[in-house]
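>>> next one to model:
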Amino acid sequence: MSSVFFFPQLAELGLRVEATVSPRVEQKMVYAGAGSTSFEQARKDLLHLANLDIKTERVRRATTRNGKARLALTRLLEQAFLEKPIPEQLRGGPADQEAPPIAAVMCDGGRYQRFDRGEAKPESGSFWRESRVACLLSMTAASYGNDPGSDLPDFLKDVSIAKKLAEIGQVQGENPVAQKQTDQDQDSPWERGEMLSKEVVASSRNWKQFGSQVASQAWYRGFGKATHKVFVSDGSSAIEELQAAWFSDYTSVLDIMHALSYSLAAARAIHSDRDTAWQCYQQFATWIWRGEVDQVIASLAEHQQQLGEPPADASESDPREIVRRSRVYYSNHRSRMNYPLYREKGYPLTSSIMESTVKQVSRRVKGTEKFWSSEGGEAVLQLRGDYLSTSDPMVAHWKRAIAAANGFRTYRLSA
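Numbers count the residues shown, from 1 in each chain. All right, here's what the predicted structure looks like:
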């Protein structure tokens, strides 16, 4: 037997029947829960910044509940997108959504620990899993008619860039000279379109499932209708497969910083003298900047012949293996390295904004002491992406939540 009870006073206030706080307070709880480094830290933030004394568990429950609600809507929109014909998925979009002058998509992965109660310990002994993050960037058009920067920028010639390139390429050994940290978030030294908005998608789904989620979100932003569409990545196979499946009509751009990191690694492997190695890197970098990748490949092939092919059991630090790996990398991605054309059209050349976004997401979910359930982790990743998005989808979420508070509660009475 079931009964329905009506609480009109709660409906008038926009409160759920089960609510213990006002909508305004719940918004603060969820914002803190999704943005602080932990739910405990969220409790402290609420106490010191909003004078709200709320238990940690209540913050966690409110955050997870609203994250699941956002997920449910995201999945409904994704399903509606998947039911559309492929031409509409690729080139269509909502009638009321204008296409951005330049639509840019970037993807990368982060890390977090997942553990569900009752689950057996993984065979690897590690609970670390990969999170997936995407940035959908709307940019202004900036077509110049010709390459506005044919000369290699000075900062890419300066030895101070070596540390950052070594970190990107995970080059073994110490850096040859003392270097200062470079800031990838500085203003770009080359011309490009300006960013109008950034939407962030974050999930624990595998790359195949994540691809449809990203494509769905891009479609609702009018990306399919854009004249200029760009996909920037570091060249990893998983992200390349995602692009081929969901963004095949986008211009594919290899992050130039990742491309240069292989140049530095190869130059250091070829020459033991640091000055000679730096001169070699500068030559490789100049060719790459000018889009003359075939010259880099030919030069690496000559050096490979001099060094010899690496044996099957060669270590990653073996100079012969480093040169071989660089040569294969450029051969595989040469079609994605037409940087003069990309500069002419004002396209982004790096995914530095993607890397910084992954760090912002990881700040919430990554940590040796943090373990997430499948549901809880996915809910917080959804909210983290929402709060990092320019459009602030949580504003609409709270309006829907208040409107849905109709004052009714249905539950089953015991016999």
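>>> off-centre distance for the longest helix along the chain?
As assigned by DSSP state H, the longest helix anywhere in the chain is helix 56-82. Mean-position distance between helix 56-82 and its chain equals 19 Å (C-alpha atoms, centre = their mean, to the nearest Å).
>>> quick check: next helix or strand after it?
For helix 56-82, the following helix or strand on the C-terminal side (DSSP states H and E) is helix 86-91.
>>> tell me where the stretch 1-150 of the chain has helices.
Ranges of helices in the stretch 1-150 of the chain, per DSSP state H, counting those that start in this stretch, are 8-13, 23-35, 39-50, 56-82, 86-91.
>>> buried stuff in the last one?
Of the residues in helix 86-91, those buried by neighbour count under the rule 16 or more other C-beta atoms under 10 Å are 89-90. C-beta here means a position set from N, CA and C on the backbone, and glycine is covered the same way.
>>> please enumerate residues in contact with that helix?
For helix 86-91, contacts defined as C-beta atoms under 8 Å, 6 or more residues apart in numbering pick out 81-82, 215, 219, 224-225, 248-249.
>>> and those residues, which two are the farthest apart?
For these, the farthest-apart pair by C-beta to C-beta is 82 and 225; their separation is 18.4 Å.
>>> with neighbour numbers in mind, choose between the two.
Taking neighbours as other C-beta atoms under 10 Å, residue 82 and residue 225 compare with residue 225 leading, 17 against 11.
>>> skip the chain neighbours and tell me the closest residue to that one.
residue 99 (3.7 Å; C-beta to C-beta, 6 or more residues apart in numbering).
>>> what's the neighbour count on the residue lying closest to residue 336 once chain neighbours are set aside?
Using C-beta to C-beta, 6+ apart and skipping residues adjacent in sequence, the residue nearest residue 336 is residue 254, 4.1 Å away. Neighbour count for residue 254, taken as other C-beta under 10 Å: 27.
>>> so residue 254 is in contact with residue 233, correct?
Yes: applying C-beta atoms under 8 Å, one finds residue 254 in contact with residue 233, separated by 7.2 Å.
>>> which among the contacts of helix 86-91 end up buried?
Listed as buried from those are 81, 215, 219, 224-225; burial here means 16+ other C-beta under 10 Å.
>>> and which of the residues you listed is nearest to residue 296?
residue 215 (33.0 Å).
>>> SS state for that closest one?
helix (DSSP: H, G, I helix; E, B strand; the rest coil).
>>> mind listing what it touches?
Residue 215 neighbours (C-beta under 8 Å, 6+ apart): 81, 89, 246-247.
>>> please repeat the previous calculation with a cut-off of 7 Å.
Contact partners of residue 215, counting by C-beta atoms under 7 Å, 6 or more residues apart in numbering, are 89, 246-247.
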